[in-house]
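Engineer: okay, sequence plus prediction incoming.
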Amino acid sequence: MALLVVGDLVTYLFSLILTLAIRYGEIPSHYLLAKHIPSFVILFVIFIIVGISVGLYDNKPAIIRNKSSGLIIQVQIINVIIGVVFFYFAPVAISPKANLFIYFIISTALLFLWRVVMFPVVSSAKKQGSIMVGGGDDITDLFKEITGNARYNLDFKEHVIPTASRQETTDAISRAVNETKSSIIVADLRNPIIEASMPFLYSLIFSGTKIIDASKLYEAVFDRIPLSMVGERWLIENSNTALGNRRIYDTFKRVMDIVVSIVCGLISLVFYPFVWIAIKIEDSGPIFVRQNRTGKNGKLIEIIKFRSMSGNDDGKYGFSGDTKHIVTRVGKFIRSSRIDELPQFWNVIKGDLSLIGPRPEFPSLGLIYEKEIPYYSVRYLVKPGLSGWAQIYHQAHPHHAVATEETRDKLSYDLYYIKNRSLILDLKIALRTLQVFLKRVGK
């Protein structure tokens, strides 16, 4: 990501210099650059933030495989609008109407040149012969993702699946290393057989072999935690992130929750009369519903939403996943546009929710998942939020029904957030949430 950000900034700056050279027919003087750069630097920072918000810097397969053309166009369209607003309405010393037009043509072309042509060359490193050691779906997914992918500098020569015998496993690893001349072993260090083989792996270090924890590589590649590798050891190692003394982060996050929720809550009052009228016209029922959810440390909290169903679906439908209520026509719209969740800003001000965090679950569903999904209750270590890492990146959202497998996948994203939560990650989630919201409103 750092290389992409630096490269984009250099591209934006060079685009400005080239724009001035074309516009004035000569290499821009120090005076001309000094006149334009301060204003454009502000825009450059905004452009980077926009890129983060739409996923232009994500470690995702679509980006990894250089299929980012659509995102570049999307970013540039947004940047054009921001540039017009900035220069035409902000009190700046210059008014580059023609310059702005030329700049965006040049910067778009150079971004494609940098991203599609130059970045794969600059970022490519000599591939190192590697061996994957481990079994299970997560290890297989990691092996398939990296194998043949130009983005990574690992070249898997062999996949060693541990057997029930420690000796057979170490013999297979030794043979693979000697035959393939590999210098890196990516191993599931939490696999019992591999853990028992640790003295052997340790001895390989002295011959120049590098050992990489497969769970950490999986996390870096997929932005989620592999549940098959989560256990008491992992939870203890990462418990400080969720439970440790992080006073500055927690205080700042709470302040931002209150400030943003007050502002957004007041703005959202504009929608209340329209939602009230629409609901009353359709079925004359109540405008709000109150639902019990599970909050931080398993505490029961009550959230308020605009009613989107024929009744108050509070998750009380057991293992069947059935509910007698149906989504109304008005409810379908306010759900797709997220308008139904606007009243929850007041839950954030109250302190039951945060703006960013795992989605608060129905208590009845939570009890089911705690029995069926190991370590599901770990997500209760942090305050639930209006939006979160899983809400953005998990594709198959379980909603108002028992969906164990989908929830298992969602938990892997929740654990990623719990482990890596920070102000930067919260900002990234907030920007991506805003992007998703604007897309839905525009439909």
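Structural biologist: That came in fine, so what should we check first? Numbering: from 1, shown residues only.

Engineer: contacts and neighbour counts: CA atoms only from here.
Structural biologist: Noted.

Engineer: so what are the domain limits for the protein?
Structural biologist: 2-123, 128-223, 241-442 (automatic domain parsing).

Engineer: right, and the helix or strand after the worst-scoring helix or strand of the chain on mean pLDDT?
Structural biologist: None of the helices or strands of the chain scores lower by mean pLDDT, DSSP states H and E than helix 61-64, at a mean of 38. Remark: after helix 61-64, the chain's next helix or strand is helix 69-89, criterion DSSP states H and E.

Engineer: by contact count, what packs against that following helix?
Structural biologist: Using 3 or more C-alpha pairs under 8 Å, 6 or more residues apart in numbering; DSSP states H and E as the contact criterion, the elements in contact with helix 69-89 are helix 30-53, helix 97-112.

Engineer: what comes up buried for the shortest one?
Structural biologist: With burial defined by 16 or more other C-alpha atoms under 10 Å, the residues of helix 97-112 counted as buried are 100, 102-104, 106-108, 110-112.

Engineer: how about stretch 278-297?
Structural biologist: Of all the residues in stretch 278-297, those buried under the rule 16+ other C-alpha under 10 Å are 278-279, 287-289, 291-296.

Engineer: show the pLDDT at V221.
Structural biologist: V221 carries a pLDDT score of 88 in this model.

Engineer: phi, psi for it please.
Structural biologist: Backbone geometry at V221, expressed as degrees, to the nearest 10, gives phi -80, psi -40.

Engineer: how about K127?
Structural biologist: Backbone torsions of K127, given as degrees, to the nearest 10, read phi -70, psi 140.

Engineer: next, the contact list for it, please.
Structural biologist: 152-155 (C-alpha atoms under 8 Å, 6 or more residues apart in numbering).

Engineer: if I look at the closest residue to it other than its chain neighbours, how far off is I225?
Structural biologist: Distances taken as C-alpha to C-alpha, 6 or more residues apart in numbering place N153 nearest to K127, at 4.3 Å, with adjacent residues excluded. Plainly put, N153 is 22 Å away from I225 if you go by C-alpha to C-alpha, to the nearest Å.

Engineer: more neighbours, these two?
Structural biologist: Neighbours per residue (other C-alpha atoms under 10 Å) separate N153 from I225, with I225 holding more: 24 against 16.

Engineer: let me see the contact set for the residue positioned nearest the centre of the chain.
Structural biologist: With distances taken as C-alpha atoms, centre = their mean, W389 lies nearest the centre of the chain, 4.8 Å away. Applying C-alpha under 8 Å, 6+ apart, we find W389 in contact with 357-358, 413-414, 416-417, 429.

Engineer: highest neighbour count among those residues?
Structural biologist: P358 (30 neighbours).

Engineer: what's the pLDDT at it?
Structural biologist: pLDDT, P358: 94.

Engineer: that one reaches G385, doesn't it?
Structural biologist: Yes: P358 is within contact range of G385, at 5.5 Å (criterion: C-alpha atoms under 8 Å).

Engineer: ok, back up a step: now the helices and strands packed on helix 69-89 in TSV, with mean pLDDT and distance to Q395?
Structural biologist: Formatted as TSV, those follow (pLDDT from 0 to 100; distance: least, C-alpha to C-alpha, whole Å):
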stretch	mean pLDDT	distance to Q395
helix 30-53	85	17
helix 97-112	85	28
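
Engineer: S422 is nearest to which of those?
Structural biologist: Among the helices and strands packed on helix 69-89, helix 30-53 comes nearest to S422, with 15.4 Å by C-alpha to C-alpha.

Engineer: what angle separates that closest one from helix 69-89?
Structural biologist: Put simply, helix 30-53 runs at 130 degrees to helix 69-89, going by axes from the mean of the first three to the mean of the last three C-alpha atoms, to 10 degrees.

Engineer: list the buried residues in helix 30-53.
Structural biologist: Under 16+ other C-alpha under 10 Å, the buried positions of helix 30-53 are 36, 40, 43-44, 47-53.

Engineer: ok, now which ones touch G385?
Structural biologist: If you count contacts by C-alpha under 8 Å, 6+ apart, G385 has them with 353-360.

Engineer: hey, where'd the helices end up in the stretch 251-400 of the chain?
Structural biologist: Per DSSP state H, counting those that start in this stretch, the stretch 251-400 of the chain carries helices over the ranges 272-283, 329-336, 345-350, 363-372, 389-393.

Engineer: and the buried residues of helix 97-112 as JSON lines, adding distance to F87?
Structural biologist: Compiled in JSON lines, these are given as follows (distance: C-alpha to C-alpha, whole Å):
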{"residue": "L100", "distance to F87": "9"}
{"residue": "I102", "distance to F87": "14"}
{"residue": "Y103", "distance to F87": "13"}
{"residue": "F104", "distance to F87": "14"}
{"residue": "I106", "distance to F87": "18"}
{"residue": "S107", "distance to F87": "17"}
{"residue": "T108", "distance to F87": "19"}
{"residue": "L110", "distance to F87": "22"}
{"residue": "L111", "distance to F87": "22"}
{"residue": "F112", "distance to F87": "25"}
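
Engineer: stretch 224-231: end-to-end distance?
Structural biologist: Start-to-end, stretch 224-231 (C-alpha to C-alpha) is 15 Å.

Engineer: typo on my end, it should be stretch 179-198
Structural biologist: Separation of the first and last residues of stretch 179-198 by C-alpha to C-alpha is 21 Å.

Engineer: heads up, I number from 55, so please use that
Structural biologist: Okay, using 55 as the starting number, the last item reads as stretch 233-252.

Engineer: which parts of that stretch are buried?
Structural biologist: In stretch 233-252, counting by 16+ other C-alpha under 10 Å, buried: 236-245, 247-248, 250-251.

Engineer: right, and the residue nearest to K181 touches Q182 too?
Structural biologist: Yes: using C-alpha under 8 Å, N207 is in contact with Q182, at 6.1 Å.

Engineer: overlap of the contact sets of these two?
Structural biologist: Joint contacts of N207 and Q182 (C-alpha under 8 Å, 6+ apart) do not exist.

Engineer: I'd like to know how far L97 sits from I91.
Structural biologist: Distance of L97 to I91, given as C-alpha to C-alpha: 10 Å.

Engineer: rewinding a little: from the buried residues of stretch 332-351, which is closest to Q221?
Structural biologist: Looking across those and measuring by C-alpha to C-alpha, the closest to Q221 is K350, at 45.4 Å.

Engineer: correct me if wrong: that closest one contacts Y434.
Structural biologist: Yes: K350 is in contact with Y434 according to C-alpha under 8 Å; the separation is 4.9 Å.
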